[in-house]
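**Q** structure for the following, please:
(one chain, ligands or ions: 2)
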Amino acid sequence: MYTLLNGFYKYLTQKDEYCILILGLDNAGKTTYLEAAKTKFTKNYRGMNPNKITTTVGLNIGQIDIQGVRLSFWDLGGQQELQSLWDKYYSESHAIIYVIDSNDRERMPESKEVFDKMICNDYLSGVPLLVLANKQDLPDCMSAREIKPVFQEAGHLIGRRDCLIMPVSALTGEGVDEGIKWLVESIKRNGFVRPPKCDDT
Ligand SMILES: Nc1nc2c(ncn2[C@@H]2O[C@H](COP(=O)(O)OP(=O)(O)OP(=O)(O)O)[C@@H](O)[C@H]2O)c(=O)[nH]1
Ligand SMILES: [Mg+2]
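**A** Numbers count the residues shown, from 1 in each chain. Ligands and ions are numbered 1, 2, ... in the order given. Modelled structure (predicted):
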């Protein structure tokens, strides 16, 4: 009887789980974005003070339950020596969020170069891609419209997949929920190609 009830309980509570990688150069705002997303979508969650967020050495994990599914975010450190660790996570990911510091014109070519190397990896083929032009709260930043053509040059590498470039401010939270909602839809659409994991916690 216990087994039966336990099984039924698990059936009721289990969720499809999707893993989302958050990538981009160091200082792009990945961890700040993850905190903003958790704050928007988790009841009673009070995000970390952005001033207390330090550079990521390794990996931050965060989860959001939304539209009946669980999103597990893997926010990886973006420093050059840490970028070589990214590809260990590619085969298990269901989507990519690539974060750009729109206020750092000088490092835009570097960000594009790192993006190109990442997106042509076979393990990411067909995986939905959300490119975030972050730090839009800063007055002299590049707009998403300016950044778009730079990244669209990689159209042949991006290939056939759901892809969106959008403006966002991880600091103010502007644009954060639209991006996550788009991502959930895309991940579900791609579920035949990359089926979810099953999480019964
Ligand atoms: N003005 C502004 N600052 C931001 C925004 N997002 C992040 N920052 C700032 O940018 C700096 C870096 O943010 P992080 O979230 O640590 O960047 P990261 O991409 O996780 O960096 P690594 O962990 O080193 O890869 C911090 O000082 C943040 O407060 C934003 O939308 N607007
Ligand atoms: Mg970080």
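**Q** closest to the centroid, which residue in the protein?
**A** Nearest residue to the geometric centre of the chain (C-alpha atoms, centre = their mean): residue 97, 3.1 Å.
**Q** now it: which helix or strand?
**A** Assessed by DSSP states H and E, residue 97 sits inside strand 95-101.
**Q** elements contacting that strand?
**A** Judged by 3 or more C-beta pairs under 8 Å, 6 or more residues apart in numbering; DSSP states H and E, strand 95-101 is in contact with strand 15-23, helix 30-41, helix 108-119, strand 129-134, helix 176-189. C-beta: built from backbone N, CA, C; applies to glycine.
**Q** pairing partners for that strand, with directions?
**A** Strand 95-101 has the following strand partners under DSSP bridges: strand 15-23 (parallel), strand 129-134 (parallel).
**Q** the longest one near ligand 1 at all?
**A** This means strand 15-23. No. With C-beta under 6 Å from any ligand atom as the criterion, ligand 1 is not reached by strand 15-23; the gap is at least 8.0 Å.
**Q** in this protein, where is pLDDT below threshold?
**A** Across the chain, the ranges flagged by pLDDT under 70 are 10-13, 198-201.
**Q** which bits of it sit near ligand 1?
**A** So far as C-beta under 6 Å from any ligand atom goes, the chain lies against ligand 1 at 24, 26-32, 50, 53, 55-56, 77-79, 99, 134-135, 137-138, 169-171.
**Q** my read: residue 26 touches residue 75, true?
**A** No. Contact criterion C-beta atoms under 8 Å: residue 26 and residue 75 do not qualify, at 11.9 Å.
**Q** the more surrounded of those two?
**A** Neighbour totals were compared for residue 26 and residue 75, and residue 75 leads with 25 against 16 (other C-beta atoms under 10 Å).
**Q** that one in helix, strand or coil?
**A** Secondary structure assignment for residue 75 (DSSP: H, G, I helix; E, B strand; the rest coil): strand.
**Q** partner residues bridging it?
**A** Per DSSP bridges, the residues bridged to residue 75 are residue 22, residue 60.
**Q** list the residues that contact it.
**A** 22, 30, 31, 33, 34, 56, 59, 60, 61, 62 (C-beta atoms under 8 Å, 6 or more residues apart in numbering).
**Q** likewise residue 136?
**A** Residues counted as contacts of residue 136 (C-beta under 8 Å, 6+ apart) are 102, 143, 144, 167, 168, 169, 174, 175.
**Q** from residue 69, how far out is it?
**A** Per C-beta to C-beta, to the nearest Å, residue 136 is found 28 Å from residue 69.
**Q** I'd say residue 56 and residue 76 touch.
**A** Yes. Counting by C-beta under 8 Å, residue 56 does reach residue 76; the two are 7.0 Å apart.
**Q** got any residues that touch both of those two?
**A** Residues touching both residue 56 and residue 76 (C-beta under 8 Å, 6+ apart) are 30, 82.
**Q** between these two, who's got more neighbours?
**A** Per other C-beta under 10 Å, whichever of residue 56 and residue 76 has more neighbours is residue 76, with 21 against 18.
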